[in-house]
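**Q** need the 3D shape of this:
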Amino acid sequence: MSTVVVTDFPWPDTAIERELVGAAGHTLIVGPPAPGKADEVAALIAKHDPESILVAYAPITAEVLAAGPHLRHVAKTGIGIDNIALDAATQRGVLVTNVPDYCIEEVSDHALALMLAFTRRIVHFDREVKGGKWGIASEGMRRTNRLTIGLLGFGRIGRATARKAAALGAEVLVYDVMPVRDAGAATVAALDDVLSRSDVVILHMPLDASTHHVVNRGFIARMKRGAILINVSRGPLIDNEAVLGGLESGQLGGVGLDVIEGEPNPPRALVERDDVIITPHVAYASDVAVLDLRRRACEEVIRVLAGEKPKNPCNRVAGF
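**A** Residues are numbered from 1 along each chain as shown. Predicted coordinates:
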């Protein structure tokens, strides 16, 4: 029997985790739902000395890892592992896993939903009608098959977004730091070409040191004037002050954000703007996706604690 700690969880309960981990004969310790600070997470790990951690958004720093002398596995209930000190985990021989493909359809749907909310002015008209105004106006509305949509990042989710955008008749340009072998109906282009030609730019990039605040004043200045910027990846890809400046100057025509630096308390200067649409980091979610995510993250825990190879390792350590 091993101990597994849930550091945080953005769903109503941990019934699935209790059922699966418990059925495998392990003890599940559940921390607070909201992600704590690094010292709080370290204290939780030090208290229970787990062999495995299930983490959503809590910071798993080098100090957190060091707090668990018997820790050998961190399972991310999600895709991005930017909240996990991967190098430190590898140095300590701690395996890190994720669930890389549970929400491909949901996130790509959400990116295009944010785009359509602008091009069809859905939020604007909803607010007006609810405010008692029935005004028929077409200003700012766009025909989708006349749009050029630029995708930055062309992994699983980027490819799904490209497929769906192309099905709507849009021209799709893609840029990725990795070579793109088969772009399907999309066209691979240089970054400057994507920015200068796209009516909509969608971020599907991972967050790391090289992409932190990649959307800055210089980036925005290279975009097509009046273009819409959409982020369904990680909030710190975007410099909030640069985006505010772009909106004020009209260089940006609108911004759709499912993630934002400062969440869950995003800057009010952005939230309160009519040319910004924000959803609370829910692009991944659906009835199917969340259940699949939780089940598969637990299954990785069970495999690793049984000495089996995980399906989705994010690093290499001895024994796996």
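
**Q** list the contacts for the closest residue to His281 other than its chain neighbours?
**A** Nearest in space to His281, with sequence neighbours left out and distances taken as Cβ to Cβ, 6 or more residues apart in numbering, is Val259 at 5.4 Å. Backbone N, C-alpha and C define where each C-beta goes, glycine included. With contact taken as Cβ atoms under 8 Å, 6 or more residues apart in numbering, Val259 is in contact with Asn231, Val232, Ser233, Arg234, Gly235, His281, Ala283.

**Q** confidence score at the nearest residue to Thr7 once chain neighbours are set aside?
**A** Nearest residue to Thr7, sequence neighbours excluded (Cβ to Cβ, 6+ apart): Ala58, at 4.1 Å. We have a pLDDT of 97 for Ala58.

**Q** now do the strands in this protein.
**A** 3-6, 27-30, 52-55, 73-76, 95-97, 148-152, 171-175, 187-188, 200-203, 227-231, 252-257, 276-278 (DSSP state E).

**Q** so can I have JSON lines of the ones you listed showing mean neighbour count and distance to Val64?
**A** Output for the strands of the chain, formatted as JSON lines (neighbours: other Cβ atoms under 10 Å; distance: least, Cβ to Cβ, whole Å):
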{"stretch": "strand 3-6", "mean neighbour count": "23", "distance to Val64": "10"}
{"stretch": "strand 27-30", "mean neighbour count": "17", "distance to Val64": "15"}
{"stretch": "strand 52-55", "mean neighbour count": "28", "distance to Val64": "8"}
{"stretch": "strand 73-76", "mean neighbour count": "26", "distance to Val64": "9"}
{"stretch": "strand 95-97", "mean neighbour count": "24", "distance to Val64": "12"}
{"stretch": "strand 148-152", "mean neighbour count": "26", "distance to Val64": "31"}
{"stretch": "strand 171-175", "mean neighbour count": "23", "distance to Val64": "35"}
{"stretch": "strand 187-188", "mean neighbour count": "16", "distance to Val64": "40"}
{"stretch": "strand 200-203", "mean neighbour count": "28", "distance to Val64": "28"}
{"stretch": "strand 227-231", "mean neighbour count": "26", "distance to Val64": "27"}
{"stretch": "strand 252-257", "mean neighbour count": "25", "distance to Val64": "28"}
{"stretch": "strand 276-278", "mean neighbour count": "20", "distance to Val64": "30"}
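
**Q** that older thread, angles on the backbone of the residue nearest to His281, please.
**A** phi -130, psi 150 (degrees, to the nearest 10).

**Q** tell me how many other residues crowd Gly153.
**A** Per other Cβ atoms under 10 Å, the neighbour tally for Gly153 reads 21.

**Q** sorry, back to before: Ser52 versus the residue nearest to His281, what's the distance?
**A** With distances taken as Cβ to Cβ, to the nearest Å, Val259 is found 27 Å from Ser52.

**Q** can you check Pro10 too?
**A** Distance from Pro10 to Ser52, by Cβ to Cβ: 19 Å.

**Q** check contacts around the residue most central in space within the chain.
**A** When Cα atoms, centre = their mean is applied to the chain, the residue found nearest the centroid is Ser233 (3.6 Å). Applying Cβ under 8 Å, 6+ apart to Ser233 gives the contacts Gly80, Gly153, Leu203, His204, Met205, Pro206, Leu207, Val259.

**Q** as a markdown table, those residues with pLDDT and distance to Ala166 would be great.
**A** Listed next are those as a markdown table, based on pLDDT from 0 to 100; distance: Cβ to Cβ, whole Å:
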| residue | pLDDT | distance to Ala166 |
| --- | --- | --- |
| Gly80 | 91 | 26 |
| Gly153 | 97 | 16 |
| Leu203 | 98 | 18 |
| His204 | 98 | 15 |
| Met205 | 95 | 20 |
| Pro206 | 93 | 23 |
| Leu207 | 93 | 27 |
| Val259 | 97 | 25 |
